[in-house]
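J.: sequence unavailable; structure follows:
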Ligand code: FAD
């Protein structure tokens, strides 16, 4: 069965997102997290893709090792930052050779961050849309794309975001994963807007259990993710105690996840920051660890 078929049938699907570590020490932490999360029997685990060749090599290496040394199904992220179509073909060929059959296709952000002006490589794609078509043409991959409950910072309005998502599905994307968000209604509204345009592929909510207040505030600032006043207040009330922050972060993520699943979300994609404890606690609170 291909990944998109599993996502469409497994309820709820759970999955974990990691990033390629830069040092041996960080890599050891990542593998410890992967081993601790593996018993939850996720539908897949994904590894993000940074800018530059060394990050790309680390993504390929970590994804390949997940394929070879664990029971997990890996998904590699791919972006078109600074890349020609010829280079992108080579990366996709590397993934295929490494046994990676699932790709999350995103445009990527410019070096200056999500709000900086996007510069297309002269011989490369302008939008994720074109990369979706390319990856689907190059092999029998399951292809996922990004979605934005709180609006993509460069989009005119939420309707435009939904139209782009529907175009990606028409171009061959089989599922979507959202940017993290904290208000469940924004997710359900996105799903409705997409469905009204005929886009019914599974849209998996991205969940980040907050473990560090400054970190989430920085990400929110960069990406345009809305931090509701209530969330900020609950986190700030304990900001000086790391253990209490994690506990509150777990509570917030658990409440959000429960509302999403109750409302019909197909699964949960946890942004782990390469750690396992908070994600395990959320999964446990949701009763998702008992099923294995
Ligand atoms: P696109 O779909 O190309 O959209 C970019 C902007 O252009 C949007 O405003 C969109 O509305 C607009 N647009 C798109 N197509 C058209 C069109 N045909 N006509 C007019 N306007 C259009 N970044 C990384 O660098 N590495 C990662 O591994 C990574 N993983 C991610 C995982 C998830 C789940 C998410 C949600 C994001 C991830 N990102 C990652 C961030 C992502 O690269 C950025 O959010 C990026 O700015 C947008 O990517 P996209 O694929 O949605 O781009």
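T.: That came through fine. Being a predicted model, the structure only gives us computed values, none of them experimental.

J.: regarding the spatially closest residue to residue 215 that is not a sequence neighbour, what is its secondary structure?
T.: Of all residues not flanking residue 215 in the chain, residue 273 sits nearest, at 7.8 Å (C-beta to C-beta, 6 or more residues apart in numbering). Where you see a C-beta, it was placed from the backbone N, CA and C, and this is true even at glycine. Applying DSSP: H, G, I helix; E, B strand; the rest coil to residue 273 yields a three-state assignment of coil.

J.: isn't residue 273 up against residue 210?
T.: No - with contacts counted by C-beta atoms under 8 Å, residue 273 stays clear of residue 210, the gap being 9.8 Å.

J.: of these two, who's got more company?
T.: residue 210 (25 against 19; other C-beta atoms under 10 Å).

J.: can you list phi and psi of that one for me?
T.: When read as degrees, to the nearest 10, the backbone of residue 210 gives phi -70, psi 130.

J.: distance of it from the ligand?
T.: Look at residue 210 and the ligand: by C-beta to the nearest ligand atom, to the nearest Å, they are 17 Å apart.

J.: that residue and residue 181: what is the separation?
T.: If you measure residue 210 against residue 181 using C-beta to C-beta, to the nearest Å, the figure is 12 Å.

J.: repeat that for residue 188.
T.: Distance from residue 188 to residue 181, by C-beta to C-beta: 11 Å.

J.: ditto for residue 124
T.: For residue 124 relative to residue 181 (C-beta to C-beta), the value is 29 Å.

J.: may I ask which helix or strand encompasses residue 122?
T.: Assigned by DSSP states H and E, residue 122 belongs to neither a helix nor a strand.

J.: hmm, back to that, between residue 188 and residue 181, which has more neighbouring residues?
T.: residue 181 (25 against 17).

J.: wait, isn't the more buried one in contact with residue 208?
T.: No - if you go by C-beta under 8 Å, residue 181 and residue 208 don't touch, sitting 9.1 Å apart.

J.: hmm, who's touching the least confident helix or strand in the chain by mean pLDDT?
T.: The helix or strand of the chain with the poorest confidence is helix 53-69; it has a mean of 88 (mean pLDDT, DSSP states H and E). Applying C-beta atoms under 8 Å, 6 or more residues apart in numbering, the contact partners of helix 53-69 are 18, 20-22, 27, 30, 34, 45, 47-50, 72, 74-77, 91, 94-95, 98-100.

J.: switch to 10 Å and redo it
T.: Contacts to helix 53-69, defined as C-beta atoms under 10 Å, 6 or more residues apart in numbering, come from residues 18-22, 27, 30-31, 34, 38, 44-50, 52, 72-79, 81-83, 87, 91, 94-95, 97-103.

J.: beyond that helix, next helix or strand please.
T.: Note on helix 53-69: by DSSP H and E, the next helix or strand toward the C-terminus is strand 74-78.
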